[in-house]
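Q: What follows is a predicted structure for the sequence shown.
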Amino acid sequence: MRTVLFILQKEFRQIFRNRSMLPIIFILPVVQLLVLIHAVTFDVTSLNLVVVDNSRSSDSRELVNKFVGSSFFLLKDYPQSSQQAMDLINSGKADLALIIPERFSLNQVRDGKVDVQLLVNAINTTQATLANAYANSIIGDFNRTKLPPGAIDNVYAADVRPQFWFNPTLDFKIYMFPGILVILVTAIGLFLSGMNLVREKEIGTIEQLNVTPIKKWQFIVGKVLPFLIIGLFEIGLGVLLGRIAFGIPFVGSVGTLLLTTITYLLVVIALGTLISNQSSTQQQSMFVSWFFMMLFLMMSGLFNIVESMPQWAIWINKLNPISYFILIIRMVMLKGATLSDIAVPLGSLAVYAVVAMTLAIALYQKKTA
Amino acid sequence: MKQNRLSSFLSKEFKHIFRDKRSMLILFGMPIVQLLLFGYVITNELKNANVAVLDKSKDATTKKIIGALDASNYFQCTDFLTDESQVHEALRSGKVKMVVVFDANFERNLVDRKKALVQVVADAAEPNVANASVGYTSQIVNKAVNDIFHQDMNRGVIVQPRMVYNEEQQNVFMFVPGTMALILMLISAMMTSITIAREKERGTMEILLVSPLRPSQIIMGKVLPYFFLSFINAVVILLLSQYVFGLPIRGSYVLLLAESMLFILMALSLGILISTVSASEQQAMFISMFALLMPTMLLSGFIYPVENMPSWLQVICNIIPARWFIVIVKGIMLKGSDLVGVWKETLVVVGFTAIFIIGSIKKFKVRLE
């Protein structure tokens, strides 16, 4: 045990001696977390709308006023033609254009139906879908006030009433915060452990370590523990900051999250150590870590809906530790999931940790090639 | 003679880089894998989400509505609850994304009073999924009711949306420009920053500096191979997006390639700047791979539109070079813009390049003393 302590002492000294790395390990993730959390929102505050009013009647103005009165749209301009409206969308000055036909009158609305055209810039599909939905709800309101009494109210209709649980205000920060925290900590853990062994190789100190009477497991424990402690510290700090700065709820138990975090960090560090072990230069190790980091990140459920992926991708994703951890941390923090709720993902992570760690230890040879 | 020196130095650098097969595989493989993932795997569309149903009425109408929900592409009804108390459990365990609750006497209420209540309880821990689920449910339920009672609800003003630039609303339209920016930015910046920092750390930089090569030639020799490599990546991304995903390139190829070269040059100069301010190879790697990764993904308008962010953050977004390049690529590829359409953004990228180059030259000279 004393041997392990000495190795730990050495590793920590090495980390803290490197003054230029300290801010990158400890300050950069926190700053990124606090800044980036404001960026990740699909809440559309105001879309730029232009209106081509071919009718130019008081009736059409009434419809336009409905749009102006809503908080979703900012009326930017009245172009003369659809072509001009397209140019405005093209130059990015407008997000969508409403085109009212020449023969637009409330009489017509009352008696039957009138088509209005909506041009939506759909490069960003999420935003386009939202814009379309908002426009439809405004027009729906308009119809309700203009159609003869009974035309809309006096029909058979199901009253669909939504309830939003665990995040009643649909706050994106609550949703994204745990995810971004996980990504930042993962990157730090993976890159640091990924560079550790190979650095000793490159500098040549690995040979000095190999001739000492340290046992293999002691060596690995000494290599793993410091990063585990750093990772735990950062997750803890992040959760605390989230609570203080953004009021991110923490419904579940701290113990459950702690257990999950330790298991998860073991997976990440084992993967990093494996990569480090198989690389001959720090650069190579960094590239490989980065490759996996990007894949894990994109399929993690942070920017995508995991369940919507094709089946084969869902299978590949079973090897993605980030995906498990984001799932669990959201369940524990936001929904108060208990150990039995997260048994399957946590169990998978535990198996993952054991396999990866065993591989890392097995593949580490106490000799240089 | 001079020319000869530079070319032999160049060939040394090329050999250096292409010798490392594993890194090569990652540098060239990453863009392909990432693009294919974004095209085929990553989606924000709701598909076959698990839904639980609590049917307190169990009549012909509710059966038809449940059938309609199940038949849609958005949902599959996997759990059938019998009691209100199970709702919380179903959502908390994460087995379903939403619970649809039909009021008792649903059909009778609908026939007698023309109104009946459906409660939709959504797991808003993922707000975008919750929002979309509620919207789709409302549409499906009301369409089913209209069908059952043979009602024509197409009355009043009707919106005819047209999704400009992306008629089929494919996510890949949004992802290609972003992926291109991300890959070119990170790979270019990290490669140059690492190689120069590495020569410094190993002491081989001094050997280069006392060689008859001028500093500008050294820099050129370091940068040119990576310029070449990144440019190939840009071409591969464009070919894939055009021939695999059918993305249009409506503007000029020449302009698009020229803009890509400019962007690569900018990222390479940023890499040189990073290497001159880093104390070690490790620090250079962390700055270029870790510090740039998340800001480039989240603050560039890649996934989340900059316009929706708080105004102080939009100011920060302006210093993310990828933000401007994404506008340029979207403009040329999807909107068919010419140089007149993107000159402002181009000028900004030129400005960044100039700043980075001047910054590195200043720093580099200090080192030479």
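A: Here it is on my side, so go on.
Q: Using PDB, list the CA coordinates for the helix or strand encompassing A:Val116.
A: Under the criterion of DSSP states H and E, A:Val116 resides in strand A:113-121. Provided in PDB are the C-alpha atoms of strand A:113-121 (Å, rounded to 0.1, in the frame of the first residue of the first chain):
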ATOM      1  CA  LYS A 113     -60.800  28.800 -47.300                       C
ATOM      2  CA  VAL A 114     -58.000  31.000 -48.400                       C
ATOM      3  CA  ASP A 115     -54.400  29.800 -48.900                       C
ATOM      4  CA  VAL A 116     -51.600  32.000 -47.800                       C
ATOM      5  CA  GLN A 117     -48.000  31.000 -48.600                       C
ATOM      6  CA  LEU A 118     -45.200  30.800 -46.100                       C
ATOM      7  CA  LEU A 119     -41.600  30.700 -47.300                       C
ATOM      8  CA  VAL A 120     -39.300  29.300 -44.600                       C
ATOM      9  CA  ASN A 121     -35.500  29.200 -44.700                       C
END
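Q: which residues does the closest residue in space to A:Val239 that isn't next to it in sequence contact?
A: Excluding its sequence neighbours, the residue lying closest to A:Val239 (C-beta to C-beta, 6 or more residues apart in numbering or on different chains) is A:Phe250, at 6.6 Å. C-beta coordinates here come from the backbone N, C-alpha and C atoms, glycine included. Neighbouring residues of A:Phe250 by C-beta atoms under 8 Å, 6 or more residues apart in numbering or on different chains: A:Val239, A:Arg243, A:Met333.
Q: closest point of the stretch 251-369 of chain A to chain B, which residue?
A: In the stretch 251-369 of chain A, the residue that lies nearest chain B is A:Ser308 (4.0 Å; C-beta to the nearest C-beta).
Q: how far away is that residue from A:Gly301?
A: Separation of A:Ser308 from A:Gly301 (C-beta to C-beta, to the nearest Å): 10 Å.
Q: Same check on B:Leu110?
A: 38 Å.
Q: So which of the two has more stuff around it?
A: B:Leu110 (24 against 20; other C-beta atoms under 10 Å in any protein chain shown).
Q: Grab the nearest non-local neighbour of the residue of the stretch 251-369 of chain A closest to chain B.
A: Nearest to A:Ser308 is B:Lys47, by C-beta to C-beta, 6+ apart, at 4.0 Å.
Q: likewise B:Asp103?
A: Take B:Asp103 and drop its neighbours on the chain: the residue closest to it by C-beta to C-beta, 6+ apart is B:Leu117, 4.1 Å away.
Q: With B:Gln314 instead?
A: Spatial nearest neighbour of B:Gln314, excluding adjacent residues (C-beta to C-beta, 6+ apart): B:Val306 at 5.8 Å.
Q: who's in contact with the one you found?
A: Counted by C-beta under 8 Å, 6+ apart, B:Val306 has contacts B:Leu299, B:Ser300, B:Gln314, B:Cys317, B:Arg323.
Q: ok, how many other residues are close to the second one?
A: If you count neighbours by other C-beta under 10 Å, B:Ser300 ends up with 25.
Q: Can you classify it as helix, strand or coil?
A: Put simply, B:Ser300 is coil when judged by DSSP: H, G, I helix; E, B strand; the rest coil.
Q: likewise the third one?
A: The three-state label given to B:Gln314 by three-state DSSP is helix.
Q: Kindly report the same for A:Gln163.
A: Following three-state DSSP, A:Gln163 is assigned to strand.
Q: and the gap between the closest residue to it other than its chain neighbours and B:Val129?
A: Among residues not flanking A:Gln163 along the chain, B:Val121 sits closest, at 4.7 Å (C-beta to C-beta, 6+ apart). Plainly put, B:Val121 is 13 Å away from B:Val129 if you go by C-beta to C-beta.
Q: again with B:Ala52
A: Going from B:Ala52 to B:Val129 by C-beta to C-beta gives 15 Å.
Q: try B:Leu292
A: Here B:Leu292 is placed at a distance of 30 Å from B:Val129 (C-beta to C-beta).
Q: Who has more neighbours out of these two?
A: B:Leu292 (24 against 21).
Q: Going by secondary structure, the residue lying farthest from the centre of chain B is in what exactly?
A: Most distant residue from the mean C-alpha position of chain B: B:Asp112, 51.4 Å away (C-alpha atoms, centre = their mean). Using DSSP H and E, B:Asp112 maps to helix B:106-113.
Q: Does at least one residue of that helix sit close to chain A?
A: Yes. Against chain A, helix B:106-113 shows contacts by C-beta under 8 Å from any C-beta of the partner chain at B:Leu110, B:Val111.
Q: Check which helices and strands that helix is in contact with.
A: With contacts taken as 3 or more C-beta pairs under 8 Å, 6 or more residues apart in numbering or on different chains; DSSP states H and E, helix B:106-113 sits against helix B:60-71, strand B:115-123.
Q: what angle separates the longest one from strand B:115-123?
A: Yep, that's helix B:60-71 we're talking about. In terms of direction (axes from the mean of the first three to the mean of the last three C-alpha atoms, to 10 degrees), helix B:60-71 departs from strand B:115-123 by 30 degrees.
Q: Quick one: distance of helix B:60-71 to the chain centre.
A: In terms of C-alpha atoms, centre = their mean, to the nearest Å, the centre of helix B:60-71 is set 37 Å apart from its chain centre.
Q: Which residues belonging to it are considered buried?
A: Residues of helix B:60-71 classed as buried: B:Thr61, B:Thr62, B:Ile65, B:Ile66, B:Ala68, B:Leu69 (neighbour count, 16 or more other C-beta atoms under 10 Å in any protein chain shown).
Q: Please apply the same query to the last one.
A: Along strand B:115-123, these residues count as buried under the neighbour rule (16+ other C-beta under 10 Å): B:Ala116, B:Leu117, B:Val118, B:Gln119, B:Val120, B:Val121, B:Ala122, B:Asp123.
Q: How are the strands of the stretch 1-150 of chain A distributed by residue range?
A: For the stretch 1-150 of chain A, strands defined by DSSP state E, counting those that start in this stretch occupy the ranges A:47-53, A:73-77, A:96-100, A:113-121.
Q: Tell me the pLDDT of residue 126.
A: The chain I'm using is chain A. The model reports A:Thr126 with a pLDDT of 77.
Q: I was after chain B.
A: Per-residue pLDDT puts B:Glu126 at 84.
Q: And B:Leu368, by the same measure?
A: With respect to pLDDT, B:Leu368 scores 48.
Q: Apart from its chain neighbours, what residue comes closest to B:Val235?
A: Closest residue to B:Val235 apart from its sequence neighbours, by C-beta to C-beta, 6+ apart: B:Leu257 at 7.5 Å.
Q: Just to check, the one you found is in contact with B:Leu239?
A: No. Applying C-beta atoms under 8 Å as the test, B:Leu257 and B:Leu239 come out as separate, 11.6 Å apart.
Q: low-confidence ranges in the stretch 201-350 of chain A?
A: Judged by pLDDT under 70, the stretch 201-350 of chain A has no weakly predicted residues.
Q: Chain B contacts on that one?
A: Contacts of the stretch 201-350 of chain A with chain B, taken as C-beta under 8 Å from any C-beta, map to A:279, A:281-284, A:286-288, A:290-291, A:293-295, A:298-299, A:303-305, A:307-310, A:313, A:327, A:330-331, A:334-337, A:341.
Q: Using ChimeraX, define a selection of the buried residues within these.
A: Here is the ChimeraX command that selects the buried residues among those (16+ other C-beta under 10 Å):
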select /A:279,281,282,283,284,286,287,288,290,291,293,294,295,298,299,303,304,305,308,309,313,327,330,331,334,335,336,337,341
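Q: among the residues of the stretch 201-350 of chain A next to chain B, which are in helices?
A: Using DSSP state H, A:282-284, A:286-288, A:290-291, A:293-295, A:298, A:313, A:327, A:330-331, A:334-335 are the members of those that sit in helices.
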